[in-house]
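J.: Quick one, what's the 3D model for this:
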Amino acid sequence: MKVVLLGNGNSVHIVRWANGLVSRGVEVHLVSAHTCGLDFDSRVKLHKLSIMAPWGYMFGVFSLRGILRKIKPDIINAHYASGYGLLARLSGFKPLLLSIWGSDVYAFPRKSKFHRYFLKENLKAATAIASTSQCMAVAASKIYKHRHVFITPFGVNETHFILDDRFRGDDVVIGTVKSLKSIYGIDILLDAFSKVLNYFNGKRSLRLEITGGGPDLNILKEQAVHLGISEKVIFNGPVNHDDIPRILNGMDVYVALSREESFGVAALEASSCEKPVVVSDAEGLAEVTVEGVTGFVVPKDNPQAASEAIIKLVQDASLRKNMGRAGREHVLNRYTWEHSLDVMLEVYRCAIAIHKER
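T.: Residues are numbered from 1 along each chain as shown. Down below sits the predicted model:
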């Protein structure tokens, strides 16, 4: 099979799809309006459009058409429904599988009626839609109800994300790996952790580790000072994806209190490392967490509920261990990376068949 991936060559997720597909014997061509600066498998063929993003989303179509004429792919898979979705639509190439990511169907259409219409036309032009989660597929259907929608979860490399106790210390560590943006509820996590510290009142040695960069760093540091917990909070800053298993294995409890989340891959990575999770009921997180089994699901914007769930796990080491093991089993049963590749390859075959039937 010959596949053209149309997407951001600087995205770790695009790299994983490209490298994963080529490992399965697929001839993969990545066409991008961004610089391809990451570690692609040497077998992935890289093509940079003559005009870069954002103008490349429209005016790069002439360069794209020339590339497609030379490659003659079996299918084009555009990643991100707004910018690259437009570029794919303008190319006129079919079959087209449009992979939606999250903010393209949640935030983008909220900007204006024009943005909503723009997205609708991109979805409508696709042969089929691929969504990493059921909840995101539902969100897309509110923009345009496509006949052919497939769920293609972004799985976890379970051999990379695995329990490793070498990174554990004496403190009970609560942690998260998230961008420091309001949508991800780091402020709620700080409030919840403050309540946890007040509950134990120095009787347990606790620490909060926040890994990730973003525009709210200084605001969050000020909040920690205001709450009087700054000495117990560590901001690790951004890290390479390869370092995340080490970060997760230094935690006892993983917490994600996002206000909105299209798919909870970070929570799954924690589960794969046998860490119990406390997540908000943002749809993408709740979808991948088995309440009371792999962790606890709490209401959004509710630091009290989050603190109560964290306290339960801090108090009970056997509960942490049992939930962690259940989380690992959950990942192995439903969310491995190899399973994700199986699903995507089958979706490609289905989209090609749908196009041929038209």
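
J.: Put the alpha carbons of stretch 56-65 into PDB.
T.: The C-alpha trace of stretch 56-65 is given here as PDB (Å, rounded to 0.1, in the frame of the first residue of the first chain):
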ATOM      1  CA  GLY A  56       0.700  26.800   2.400                       C
ATOM      2  CA  TYR A  57      -2.700  25.500   3.500                       C
ATOM      3  CA  MET A  58      -4.200  27.300   0.500                       C
ATOM      4  CA  PHE A  59      -1.400  28.100  -2.000                       C
ATOM      5  CA  GLY A  60       0.600  25.000  -1.400                       C
ATOM      6  CA  VAL A  61      -2.100  23.000  -3.300                       C
ATOM      7  CA  PHE A  62      -0.300  23.400  -6.600                       C
ATOM      8  CA  SER A  63       2.900  21.900  -5.200                       C
ATOM      9  CA  LEU A  64       0.800  19.200  -3.500                       C
ATOM     10  CA  ARG A  65      -0.900  18.200  -6.800                       C
END
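
J.: and it, which residues are buried?
T.: For stretch 56-65, a neighbour-count test (16 or more other Cβ atoms under 10 Å) marks Gly56, Tyr57, Gly60, Val61, Ser63, Leu64 as buried. Glycine gets a C-beta too; all of them are placed from N, C-alpha and C.

J.: okay, those in a markdown table with distance to Ser182 and secondary structure next?
T.: Formatted as a markdown table, these follow (distance: Cβ to Cβ, whole Å; DSSP: H, G, I helix; E, B strand; the rest coil):
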| residue | distance to Ser182 | secondary structure |
| --- | --- | --- |
| Gly56 | 29 | helix |
| Tyr57 | 27 | helix |
| Gly60 | 32 | coil |
| Val61 | 35 | helix |
| Ser63 | 37 | helix |
| Leu64 | 35 | helix |
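
J.: Tell me where this protein has strands.
T.: With DSSP state E as the criterion, the chain has strands at 2-6, 27-32, 45-48, 75-79, 96-100, 128-131, 149-151, 172-177, 206-211, 233-237, 253-256, 277-280, 295-298.

J.: Distance to Asn333 added to those, as TSV?
T.: Formatted as TSV, the strands of the chain follow (distance: least, Cβ to Cβ, whole Å):
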stretch	distance to Asn333
strand 2-6	27
strand 27-32	28
strand 45-48	35
strand 75-79	26
strand 96-100	23
strand 128-131	20
strand 149-151	15
strand 172-177	23
strand 206-211	27
strand 233-237	31
strand 253-256	19
strand 277-280	16
strand 295-298	16
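
J.: what's the closest of the ones you listed to Tyr348?
T.: Tyr348 sits nearest to strand 75-79 of all those, at 5.4 Å, using Cβ to Cβ.

J.: now the closest one against strand 96-100, angle please.
T.: 20 degrees (axes from the mean of the first three to the mean of the last three Cα atoms, to 10 degrees).

J.: Strand 75-79 packs against which elements?
T.: strand 2-6, helix 12-23, helix 83-91, strand 96-100, helix 337-357 (3 or more Cβ pairs under 8 Å, 6 or more residues apart in numbering; DSSP states H and E).

J.: Give the rounded mean pLDDT of it.
T.: Mean per-residue pLDDT for strand 75-79: 98.

J.: contacts for that strand?
T.: Outside strand 75-79, the residues that touch it by Cβ atoms under 8 Å, 6 or more residues apart in numbering are 1, 3-8, 11, 13-14, 17, 68, 84-85, 87-88, 91, 93, 95-99, 101, 126, 130, 348, 351-352.

J.: Any quick ChimeraX command for the buried ones out of the residues you listed?
T.: The following ChimeraX line selects those of the contacts of strand 75-79 that are buried, judged by 16+ other Cβ under 10 Å:
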select :3,4,5,6,7,8,11,13,14,17,68,84,85,87,88,91,93,95,96,97,98,99,101,126,130,348,351,352
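
J.: Perfect, I'm done here.
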